[in-house]
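1. fold the following and give me the result.
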Amino acid sequence: MILGELRRRPPITRALAWIGPDFGLVIAFLATLVVLLVIYGGTFRWKEGPIVISAGIGAGLIALRVLWRVVRRELRAGDLTTIAREVLVDWGPVILIMWLFQNLETYTGIIRSTTIDDSLYRADLAIFGVEPSVWLSSHSTPLLTDYMSLAYGLYFITPMVLATALSVRKRRADFKLVSTAVILQLGLGFLLFLCFPAGPPRYYEPLLHGGFQPPQLHSYFGLFELQQGAFDSADPLRMRSAFPSLHCSLALITLYYSVRYSEAVFPNHPKLWGRIVTVLVVSLWISVIYLRHHWAVDIAAGLALGSTAIALAPILRRRWPRDRQIWIRAPTT
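-> The predicted model follows:
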């Protein structure tokens, strides 16, 4: 062979380079869903909140970019296709992973039917001497319940604000790093749901009769009641998807990248977005205990999961095959 002659890498390497790490992860989780559908049966879910929100943002970004070029009289033939392709390549994995996760979540408690609620309750007692959600119940007020409900409900909106800002400013590399971390934490979280099905404290039988005081939280403006009804209707399987807390893991990812990319949201006040998110995320971490949605151990597991996703995302993106890696030098003879 002549020195410098190139040869192609194996087809699998070329395929991985073409689809990219985010779509690659989504395909792996799709394969998991297909296997579960074949073994256990089931139906698809299409209209869950995260699916609608992420899909709506993607469609909105396409419309806004087209409108911006129309206003500036810069729209040319083929621009719509180019804009749509770029947005879908970036947002497609996020939309698909939300759809997959909502469908995969229905299988928690099927592979392993026994929950670990008793173990989580005992662990909280061993660490704190009291169940934290019960202790916080004695300090609840209607206005505080409203605020905690607001903080809890922003768990998905806040990262979407950051992602949208990065997308609008065409910081595609930063956007894709965030999306890879989110996809990783959702996928790994689902696997933990399968292995360790668990319900929230508010469903734990020993605490339902005399444990919580007051027995039922109430809010001043009715936000808690509205939110609780909406969440229970959208996800009746919360009795099996508490460990780890994906609210806490996603919040940690949001906090990390919001501080890192804060200027993308408010360029004239580069640290403002990071500070706002810090307050909201800390409030969210407290809210999951206050609102009786998670055990303290769930939070610790969620923070560990979020940290793992943050650490693995850049490694995965660096080591994933790229177009320029498809060709390698042939050995000399």
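
2. so which residues of the chain form strands?
-> With DSSP state E as the criterion, the chain has strands at 6-8, 327-329.

3. ranked by average pLDDT, which of those falls at the bottom?
-> Among the strands of the chain, strand 327-329 carries the lowest mean pLDDT, a mean of 46.

4. measure the spatially closest residue to residue 162 that is not a sequence neighbour to residue 117 for me?
-> Once flanking residues are discounted, residue 162 sits nearest to residue 258: 5.4 Å by C-beta to C-beta, 6 or more residues apart in numbering. (Each C-beta comes from the backbone N, C-alpha and C, glycine too.) Residue 258 sits 33 Å away from residue 117, going by C-beta to C-beta, to the nearest Å.

5. per-residue confidence for the closest residue to residue 86 other than its chain neighbours?
-> Among residues not flanking residue 86 along the chain, residue 172 sits closest, at 7.9 Å (C-beta to C-beta, 6+ apart). pLDDT, residue 172: 88.

6. touching, residue 172 and residue 87? I think so.
-> No - counting by C-beta atoms under 8 Å, residue 172 does not reach residue 87; the two are 10.2 Å apart.

7. those two: who's more crowded?
-> Applying other C-beta atoms under 10 Å to residue 172 and residue 87 shows that residue 87 carries more neighbours, namely 20 against 13.

8. so what pLDDT did that one get?
-> In the prediction, the pLDDT value recorded for residue 87 is 73.

9. cool, and residue 210?
-> In this prediction, residue 210 carries a pLDDT score of 76.

10. check residue 259 too.
-> Per-residue pLDDT puts residue 259 at 97.

11. same deal with residue 271?
-> Per-residue confidence for residue 271 comes out at a pLDDT of 95.

12. how about it, what does it touch?
-> When contacts are counted by C-beta atoms under 8 Å, 6 or more residues apart in numbering, residue 271 touches 262-263.

13. what separates it from residue 210, distance-wise?
-> For residue 271, the distance to residue 210 (C-beta to C-beta) stands at 47 Å.

14. and what of residue 199?
-> Distance from residue 199 to residue 210, by C-beta to C-beta: 19 Å.

15. which one of the two has more residues nearby?
-> In this view residue 199 and residue 210 are compared by other C-beta under 10 Å, and residue 199 has more residues nearby, 23 against 8.

16. hang on, the more buried one packs against residue 207?
-> No - Residue 199 sits out of contact with residue 207 when judged by C-beta under 8 Å, with a separation of 11.0 Å.
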